[in-house]
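Peer 1: Build me a model:
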Amino acid sequence: MKCNGDYYYVDTTWGDPVFQQEEGEDISQDTNQETDTSGNKTNISYDYMCCDDTQLFQTHILDKDTQMPECSKMDCNYYVVNGMYYTQYDAEQALGAMNQTIWTKKSATTFKFSDNAVYQQAHDDIFQKELAKAAQNLADYYGLLQVKYQYIDDPRLHKIVIFWQYS
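Peer 2: Residues are numbered from 1 along each chain as shown. Model (predicted):
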């Protein structure tokens, strides 16, 4: 796909339940699924929406006979455009992103990291420190006695998604 003069990869079948079932995959426990504002699972995955070679080739292999243009930019990537892509880790920024999700009562906070080094640094800090602070903010803001959340931790894609529950 070409956007703003540059080529990007787009995998339109990634996360598509019809395609996955046709390929014989079990989608009943799909960890790539996100939820909508009602808490219902959606089958939309943005992992390969306008990504570069590095992102795609973490999980995909092109046929030997397939010629594709070089895709080296991430400017139009879904996570970049939506402010969820991080090339370096900042604890205050991570907590701010979680708090913003909580204050606007959105279903999930998504962190997509540029590489394994940034992901590892973020992973340890988020799960050891910042997530607990955000959970306390959730309890305080909504007057909850018990906080519930779930998360997807995907080291292969350098992604963490935290799903918040508000009751």
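Peer 1: This protein: helices as residue ranges?
Peer 2: Ranges of helices in the chain, per DSSP state H, are 17-22, 53-56, 78-81, 91-103, 116-125, 131-142.
Peer 1: quick one, which of those helices is nearest to residue 160?
Peer 2: Ranking those by distance to residue 160, with CB to CB as the measure, places helix 116-125 first at 6.6 Å. (C-beta placed from N, C-alpha, C; glycine too.)
Peer 1: Output that closest one as CSV, nothing but the C-alphas.
Peer 2: Backbone C-alpha positions of helix 116-125 (Å, rounded to 0.1, in the frame of the first residue of the first chain) are rendered in CSV as follows:
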residue,chain,number,x,y,z
ASN,A,116,12.6,-5.5,22.1
ALA,A,117,14.9,-3.3,24.2
VAL,A,118,12.3,-0.6,24.7
TYR,A,119,9.6,-3.3,25.2
GLN,A,120,11.6,-5.0,28.0
GLN,A,121,12.3,-1.8,29.8
ALA,A,122,8.6,-0.8,29.6
HIS,A,123,7.3,-4.2,30.5
ASP,A,124,9.2,-4.4,33.7
ASP,A,125,8.3,-0.9,34.8
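Peer 1: sorry, back to before: do you know which of the helices of the chain lies nearest residue 166?
Peer 2: Across these (criterion: CB to CB), the nearest stretch is helix 131-142, sitting at 6.0 Å.
Peer 1: If you count contacts, what does that closest one end up packed against?
Peer 2: helix 91-103, strand 148-154, strand 159-165 (3 or more CB pairs under 8 Å, 6 or more residues apart in numbering; DSSP states H and E).
Peer 1: so what secondary structure elements neighbour the longest one?
Peer 2: Applying 3+ CB pairs under 8 Å, 6+ apart, one finds that helix 91-103 makes contact with strand 108-113, helix 116-125, helix 131-142, strand 159-165.
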